[in-house]
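# Generate a structure from the sequence data that follows.
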Amino acid sequence: MIRSSAPTRIDLAGGTLDLWPLHLFFDNPPTLNAAINLYATVELTARQDKAIVIESRDLGSKAKFRNLAALPDKHPLVLLIKLIRFYQPKTGLHMVTHCEAPAGSGIGGSSALNIALNGALNLFTKRRYSREQMIEIAKNVETQVIDVPAGTQDYYSAMFGGVQSIQPGIVKTERRQLPMDLKDLNQRFVLCYTGQPHHSGINNWSVYKKTIDGNAKTLKSLSRIAEVARHMEKLLAQGKLTRFDHWFNEEWKARKALAPGISTSKMDRMVLAAKNKGALAAKVCGAGGGGCVAFFVPPKKREDVIQALQKHGGNVLNFKFVARGLRVARVPS
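Alright, predicted model coming up:
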């Protein structure tokens, strides 16, 4: 058996600008995120015949196809199917997937699963793609699945872990690990699922179109997000959290102005309740419209904030920041 796993993430600043070519319009600002230990996992076992069996524990869905050629173009497990078709395994296989992140939580669950799938299939088929090549494969296949452009930041957090600055450029995308104390960060963040799933492709596509069309309000908001990301990167590159709360709040202000529905009334109530109990800053994870909200809190106020969020119907997720990224290994079945 091959077992593969990849972390999800909390995005800190610069999201949406990781979509090509939006970053080019704002002089290639960084996107910052941090990997967390809510993992997407894949278990892959070879079969003696040509059959392809795929199973999602999260969706409670399982399907069997007699061979590679029988894989359909449309199916609830289309991401798995497209990647299997791309890697062209020479034998049958049984694939089981699971993600610890709630569906539609905005913390990169589908992208982490995509990277875990690439890792497992790359080893299974002995293709020897590099990690950077697997990110490109993941991005392009996910674009085919969601029918709108896919960003790149989630693949980098899933692939490499830690706190990262991902900076697309003219020649290639550069990344660097930021020297943050993960144990300290664990005491300063609360992650709460609102119970309202989101669809990142819808919000991002709306912003994408408005940017290409030159919408002045959208360009202003994205310009501010780029500015905030640059300021935050300077802080985190020094391993400091000085004024982090200010920039985290500023990112959320600019993001809310991007499109209607990015912030919901439930989110607003939860943020207000958390700040009344001492939270210093908050912002939505991902493209908004539902999903998770991340809160930056003083360590001594963390439990008070958690209780306030739970009273308002929030599902506070138990997580830790992690330095690890994709892991793939052969294990006894």
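# use CA for all of it now, contacts and neighbours both
Will do.
# This protein - how does it break down into domains?
Here the domain parsing of the chain from automatic domain parsing is 2-178+322-330, 182-316.
# can you tell me the average pLDDT over the last one?
Okay, so that is domain 182-316. Taken as a whole, domain 182-316 carries a mean pLDDT of 90.
# Show me the strands in the stretch 51-200 of the chain, by range?
52-56, 61-65, 93-99, 163-168, 173-177, 189-193 (DSSP state E, counting those that start in this stretch).
# With mean neighbour count as extra columns, can I get the domains of the chain in TSV?
Formatted as TSV, the domains of the chain follow (neighbours: other CA atoms under 10 Å):
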stretch	mean neighbour count
domain 2-178+322-330	20
domain 182-316	19
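# Tell me where the longest helix sits in the chain.
Counting by DSSP state H, the longest helix found in the chain is helix 216-237.
# could I have it exported to CSV, CA atoms only?
Output of helix 216-237 as CSV, limited to C-alpha atoms (Å, rounded to 0.1, in the frame of the first residue of the first chain):
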residue,chain,number,x,y,z
ALA,A,216,-12.0,50.4,-10.2
LYS,A,217,-13.4,49.2,-6.8
THR,A,218,-12.0,45.7,-7.3
LEU,A,219,-8.6,47.1,-8.4
LYS,A,220,-8.4,49.3,-5.3
SER,A,221,-9.2,46.4,-2.9
LEU,A,222,-6.7,44.1,-4.5
SER,A,223,-4.1,46.8,-4.5
ARG,A,224,-4.7,47.2,-0.7
ILE,A,225,-4.4,43.4,-0.3
ALA,A,226,-1.1,43.4,-2.1
GLU,A,227,0.1,46.3,0.1
VAL,A,228,-0.9,44.5,3.3
ALA,A,229,0.8,41.2,2.1
ARG,A,230,4.1,43.0,1.6
HIS,A,231,3.9,44.6,5.0
MET,A,232,3.1,41.3,6.7
GLU,A,233,5.8,39.5,4.9
LYS,A,234,8.4,42.0,6.2
LEU,A,235,7.3,41.2,9.8
LEU,A,236,7.1,37.5,9.4
ALA,A,237,10.5,37.3,7.6
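# what comes into contact with the next helix-or-strand element following that helix?
Where DSSP states H and E defines the elements, the next helix or strand beyond helix 216-237 is helix 244-256. The contact list for helix 244-256 (CA atoms under 8 Å, 6 or more residues apart in numbering) reads 12-14, 221-222, 224-225, 228-229, 231-232, 235, 262-263, 280-284, 296.
# Let me see the contact set for the spatially most central residue of the chain.
Nearest to the mean C-alpha position of the chain, counting by CA atoms, centre = their mean, stands residue 108 at 2.1 Å. Residue 108 is in contact with 8-9, 154, 286, counting by CA under 8 Å, 6+ apart.
# Secondary structure and distance to residue 83 added to those, as CSV?
Formatted as CSV, these follow (DSSP: H, G, I helix; E, B strand; the rest coil; distance: CA to CA, whole Å):
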residue, secondary structure, distance to residue 83
8, strand, 19
9, strand, 22
154, helix, 17
286, coil, 24
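# Name the nearest of those relative to residue 185.
Using CA to CA, residue 9 comes nearest to residue 185 of these, at 13.3 Å.
# so what's the closest one up against?
So residue 9 contacts 33-36, 107-108, 154, 157-158 (CA under 8 Å, 6+ apart).
# change it to 10 Å
By CA atoms under 10 Å, 6 or more residues apart in numbering, the residues touching residue 9 are 33-39, 101, 106-109, 111-112, 153-158, 161-163, 285-286, 321-322.
# Not counting its neighbours along the chain, what's nearest it?
Using CA to CA, 6 or more residues apart in numbering and skipping residues adjacent in sequence, the residue nearest residue 9 is residue 35, 4.2 Å away.
# Name the SS class of the one you found, please.
strand (DSSP: H, G, I helix; E, B strand; the rest coil).
# One more: the one 4 residues further on?
Here residue 39 is recorded as strand under three-state DSSP.
# Run through the bridge partners of it.
Taking DSSP bridges as the rule, residue 39 bridges to residue 7.
# was I right about it contacting residue 101?
Yes: the pair residue 39 and residue 101 passes the contact test of CA atoms under 10 Å, sitting 7.1 Å apart.
# what do those two both touch?
7-9, 109, 112.
# Now do residue 256 against residue 165, distance only.
From residue 256 across to residue 165, the span is 22 Å (CA to CA, to the nearest Å).
# before we move on, what about residue 329?
27 Å.
# For residue 65, which residues are in contact?
Neighbours of residue 65 in contact, by CA under 10 Å, 6+ apart: 50-54, 71-72, 92.
# roughly how far apart are it and residue 94?
Counting by CA to CA, the gap from residue 65 to residue 94 is 11 Å.
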